[in-house]
Structures are given as C-alpha cells and as structure tokens.
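Novice: got a predicted structure here, sequence first:
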2 protein chains.
Amino acid sequence: MHSQSQSSLLHQTQILRQAIRNKSHTGVTSGLAQGAMQGNVVILPADWAHDFLLYCQKNPVSCPLIGVSEVGDFTMPELGNDIDMRHDIPEYYVYRNGEKVESRSDIEDLWQDDMVAFVLGCSFSFEHALSQAGLTPRNIEEDVNVSMFETNIATVPAGRFFGNTVVTMRPYVPKDAIRAIQITTRFPKAHSAPLHFGSPQEIGIADLNKPDYGDAVNIKEGEVPVFWACGVTPQVAIRNAKPPICITHAPGKMLVTDILDTDLAVF
Amino acid sequence: MHSQSQSSLLHQTQILRQAIRNKSHTGVTSGLAQGAMQGNVVILPADWAHDFLLYCQKNPVSCPLIGVSEVGDFTMPELGNDIDMRHDIPEYYVYRNGEKVESRSDIEDLWQDDMVAFVLGCSFSFEHALSQAGLTPRNIEEDVNVSMFETNIATVPAGRFFGNTVVTMRPYVPKDAIRAIQITTRFPKAHSAPLHFGSPQEIGIADLNKPDYGDAVNIKEGEVPVFWACGVTPQVAIRNAKPPICITHAPGKMLVTDILDTDLAVF
C-alpha cells in the first residue's frame, strides 16, 4: 500500500524513467523525482562479476550495492518492475580494456548474454533529505551537476579492482555541515556521512573549481567544502582493472528507481 | 538489576563521591568514573527557580536538565541515593548579585531552606563514548581540564536570565570530527552534537590558547577545533541576572551521579 504522496512520486518516477527511455531527457537526474532512490550503474561480463561484488562488499561506503541482476538479465525487478538496464540511463559510458571509448544514450546493441548489472546507491538520495531540512545542496540551487573529485583515499582492493575514492562536494557553513553529517548518517545505502571536510589538499584535491566530473559550484564566505564518497568510485577501479568491456552511467545521470529514499533510511 | 561491570562502576562512583565529600579529591572529574554521568550544578533561591527552569527549557542544548531538587532539599535521589548537594562537588563557586565572590569546597553553612538545586548534563558523559571509539579527547590524553570559551552565540533569554553560550573545545582531524559528531549526537542530555567546528573567530573566540575556563590543549597539524555547548553557560546568565545568591560547581569539577551515560544515550 502506498500513501497518496507515495503514489504521486511513483507516478513522477515512471514518467521520468519513460522520458529517459525515449531520450527526451538526456541530462542529469539530480533534483528530479526527489524522494525516489537513484542509482549508480556498472555492467560487467559475468567472469568479472565476482571480483566486482567483492570490491563492493569491501568498500560499502563508496559502493553501497542496492541491486544485482541475474546473468544476462537486463531487468532489475527489485528496484522497479519495468526497469530495462539497456535504455533507462540518460547517458552511458562504454569502457573497453579500462579506457572510456564512447558515451551513448542506449546500449541495446552492446548487451551480451553474459552481462551482470550492478546498481549502487547515490548521494542524490540524501539530497532530498538535506533539502527538506533547509540545507538544499548548492548544485541543486545552481541547477548544475554535483562536483565530483578523485581523491588520494585508497579503496580496499578486491581481485582485479583497485583505486582511489571519488567524492562529491557540497559546501556548508560549519553549523549546517554538522546537521548535514547527522542527516546523511541516516543513509548507509547512499554513502552515509561525509569522509572529510575542510582542506581539499588533505585528500589530494588540487582545485575545487576544477572537478574531475560534474560542475563547479560557488563556495560562499564562511562555508567549508564537505566531501561524501561517490558511486563514481568504481569507474576508477574499472580503468585500473581493464575488463574487456564495462558499461556505466555517466556521472550525475543515474538510474531512477521506484524505491523510496526513506525506505533505506535508518533511525 | 545491574551487570557486574555496572556494579563495579557504581562502586567506583560511590568511592569517588565519598572522596569528594571528605575533600580528599578536590580536582577536576574529567576522565574519572568513566561511564557514570556527571552534572553541572546551579543552586538558586526558590523565587529565581522558575526563571531558571524556563531558561533551561529554552536552551536544551546548553542546559540539558537531568535533575531538579525539591525546595530546600539538598538530596537528589533521582541521580544517586546518597547525594548531598552541599558537599558532593569538589569545588563550588559562590555568586552574589552576579559577582563571583568566593570559591569553596563545601556549602553547608550557605544552604538556605528556600534553595533549589539544578543538575545539567555535561560533555564528560560523551567523552567516555568518544574514548571507547578510539577518539580520546585531548584533555583526557593530556590529563588537564577541558578548554572552555565564551562565544558570541546568544542563548534564548528567559525571565531575568540571558547571555552567550559557553563551549568546550576538543581538536580532531576532520575524519574523526565526523565520527565524533555521530557519536555525540547520541547524547542529547550531554549537549549532543557540536555547535561549530573550524574558525574560532567565527563564534567570537579570539585565542584558543587562552580558554576562559579550564586549560589549553595542544592542537596538532591537520586538526580542527570542534566546539560543543557547555553547562557553564548558565554561569554567564547568572552574572547577567544577578540573583542575590547563586552557587555553582567550578568548571570541570562536577557532580558525579549514579546514572549511566548509556542510560541517556539514544539510538
């Protein structure tokens, strides 16, 4: 049973996913269908799946698994009963032997019978909770993609996968950062509390105005940058592991699921 | 029913309170009988009690009430069945008309039939939880009193009581500060999460090496100061309200209760 507002959100979600599927929406999904969990996507051949599963298990803050498909199955019924992993992401990245060779809006002709799709929780899930608390993330205020940076924080290697953590950054004054830490702690499946705040250099970020993915945002007087683990982290590990083929979402352009963010919140 | 470790802690607590009562312990109580809740103390004539109660109610983070005595009653059975508020604090401050006129180890001869004693939660309660998580506060490591500072953060006035917030400061690297925010959030009756971190100037603190109460501690490379509300806050309000007489604990020299910190933790 869903409440009326839940039904209305489910309806929004399905309209958005339909718009993504028919390519009328190809942009970022931050701030859209707020309240519905969004996911990072990694699609790998089955003989790479165990290593990647282990990598997620060892790095649950960067890589909080919320869905894994059966081998060869492009549906994801646990996250939405009409999801088709070949069409439902606004933009896909295609990696071959660890190199990004292509970005495209559909992967129907690349899908293989041995592929396994992984969906990982995303910080956009807690952005809704932050906004409701009056702490609207700057990227939503400025209507841009969140800033993402590669750091010097190593993940735990697993099989052929290894690399440093990617983080998202949202600026807050300290008082609001403390509240944001409390709020995001409630979302273990969406990267939970931040990894770091303050000095970007300390975690290997040279320039906050030059994100590795996404867009730069304004940092106001008195604000400190706050850094959360990001589901783009696996893309670094994929570049290192060099599987023959791997397909991911483009950073900021996520799978929109029918799961409610609040269903995954603790406390 | 108490577990064996609880019985042992209760025993420690009673030995410590006895040592305070017979004046063989007159120092700070930080780090002692860890696990037993300690309290800030304010003793006022009955005709000032309502205003002060309201002040606490309006400022629950600075002034988390854990006990209020009956008028004229110097016991505090809800916090420990042998507590005597006239003897059980290592050092008392005596304020007359808002001025501190005396500090003394016993107030038996100052006790009046119309006095009401208030006990407020103290950040020492969460220091135990921080230490257990490997985040031992610097003041405990250095075996000194915690650093306390008057800030420019106004409390909500009530009746004749008003003034700025006093904070305690503990330095941490950002990653540990985030964990400390999570841990202390569990203790709403012990000032909960910090009010601020980073720039001391932003909250009106000129020099971290010159605390208004307690001792300075070392801040290491890469650490940021983290500031929690402190139960010394009422002493500023008392100086402003100028009651004819008011007796408090000396900062860092607390009432040690038989209540367990964990009994007051949430989550």
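Specialist: Happy to help now that I have it.

Novice: up against chain B, what does the stretch 101-250 of chain A have?
Specialist: Residues of the stretch 101-250 of chain A lying close to chain B (CB under 8 Å from any CB of the partner chain) are A:174-175, A:177-178, A:181-182, A:185, A:193-199, A:202, A:222, A:224. All C-beta atoms are positioned from the backbone trio N, CA, C, and that covers glycine.

Novice: just the buried ones among those residues, please.
Specialist: Buried by 16 or more other CB atoms under 10 Å in any protein chain shown: A:174-175, A:177-178, A:181-182, A:185, A:193-198, A:202, A:224, out of those.

Novice: shouldn't A:Val166 be within a strand?
Specialist: Yes. Using DSSP: H, G, I helix; E, B strand; the rest coil, the assignment for A:Val166 is a strand.

Novice: give the contact list for it.
Specialist: A:Val166 makes contact with A:62, A:148-151, A:212-213, A:229-230, A:232-233, A:235-236 under the criterion CB atoms under 8 Å, 6 or more residues apart in numbering or on different chains.

Novice: repeat that for 7 Å
Specialist: A:Val166 makes contacts with A:148-150, A:230, A:232-233, A:236, as judged by CB atoms under 7 Å, 6 or more residues apart in numbering or on different chains.

Novice: SS state for A:Leu44?
Specialist: Once three-state DSSP is applied, A:Leu44 turns out strand.

Novice: wouldn't it be in contact with A:His50 here?
Specialist: No. Between A:Leu44 and A:His50 there is no contact under CB atoms under 7 Å: 9.9 Å.

Novice: and these two? which has more neighbours close in?
Specialist: More crowded of A:Leu44 and A:His50, by other CB atoms under 10 Å in any protein chain shown: A:Leu44, with 27 against 13.

Novice: what about stretch A:148-156, average pLDDT?
Specialist: In this model, stretch A:148-156 has a mean pLDDT of 98.

Novice: phi, psi for the closest residue to A:Pro243 other than its chain neighbours please.
Specialist: The shortest distance from A:Pro243 to any non-neighbouring residue, by CB to CB, 6 or more residues apart in numbering or on different chains, is to A:Trp48 (4.7 Å). Phi and psi for A:Trp48, reported as degrees, to the nearest 10, are phi -110, psi -10.

Novice: next, count neighbours for the closest residue to A:Ala241 other than its chain neighbours.
Specialist: In this structure, A:Ala241 finds its nearest non-sequential neighbour in A:Arg160, 4.1 Å apart by CB to CB, 6+ apart. Counted by other CB under 10 Å, the residues lying close to A:Arg160 total 15.

Novice: before we move on, what about the one 3 residues further on?
Specialist: For A:Gly163, the tally of surrounding residues (other CB under 10 Å) stands at 21.

Novice: now the strands for the stretch 1-150 of chain A?
Specialist: For the stretch 1-150 of chain A, the strands defined by DSSP state E, counting those that start in this stretch occupy A:36-45, A:65-68, A:92-96, A:99-104, A:115-121, A:147-154.

Novice: for A:Gly27, which non-adjacent residue is spatially closest?
Specialist: Using CB to CB, 6+ apart, the closest residue to A:Gly27 is A:Pro90 (6.2 Å).

Novice: what sits against the one you found?
Specialist: By CB under 7 Å, 6+ apart, the contact set of A:Pro90 is A:20, A:25-27, A:29, A:253.

Novice: what is the most widely separated pair among these?
Specialist: Across these, the longest distance by CB to CB is 10.4 Å; it joins A:Thr26 and A:Thr29.

Novice: okay, the two: which has more neighbours?
Specialist: A:Thr29 (24 against 13).

Novice: contacting residues for the more buried one?
Specialist: The contact partners of A:Thr29, by CB under 7 Å, 6+ apart, come to A:38, A:90, A:124, A:253-254, A:256.

Novice: let's see stretch A:258-267 as CSV, backbone CA atoms only.
Specialist: Taking C-alpha atoms only, stretch A:258-267 is exported to CSV below (Å, rounded to 0.1, in the frame of the first residue of the first chain):
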residue,chain,number,x,y,z
ASP,A,258,10.9,3.0,-7.6
ILE,A,259,12.4,2.5,-4.2
LEU,A,260,11.8,5.4,-1.7
ASP,A,261,14.9,7.0,-0.2
THR,A,262,13.1,6.9,3.2
ASP,A,263,12.8,3.1,2.8
LEU,A,264,16.5,2.9,3.0
ALA,A,265,16.9,5.4,5.9
VAL,A,266,17.8,4.2,9.4
PHE,A,267,16.7,5.7,12.7
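
Novice: ok, residues contacting that stretch?
Specialist: Contacts of stretch A:258-267 (CB under 7 Å, 6+ apart): A:6, A:10, A:13, A:35-37, A:79-80, A:125, A:128-129, A:186-190, B:267.

Novice: ok, longest helix in chain A?
Specialist: Using DSSP state H, we find that the single longest helix of chain A is helix A:4-21.

Novice: so which elements touch it?
Specialist: Judged by 3 or more CB pairs under 7 Å, 6 or more residues apart in numbering or on different chains; DSSP states H and E, the packing partners of helix A:4-21 are strand A:255-260.

Novice: what do you get if the cut-off is 10 Å, keeping everything else the same?
Specialist: Helices and strands touching helix A:4-21, by 3 or more CB pairs under 10 Å, 6 or more residues apart in numbering or on different chains; DSSP states H and E, are strand A:36-45, strand A:255-260.

Novice: what is the mean pLDDT for it?
Specialist: On average, helix A:4-21 scores 90.

Novice: buried set for that helix?
Specialist: Going by 16+ other CB under 10 Å, helix A:4-21 has these buried residues: A:9-10, A:12-14, A:16-17, A:20-21.
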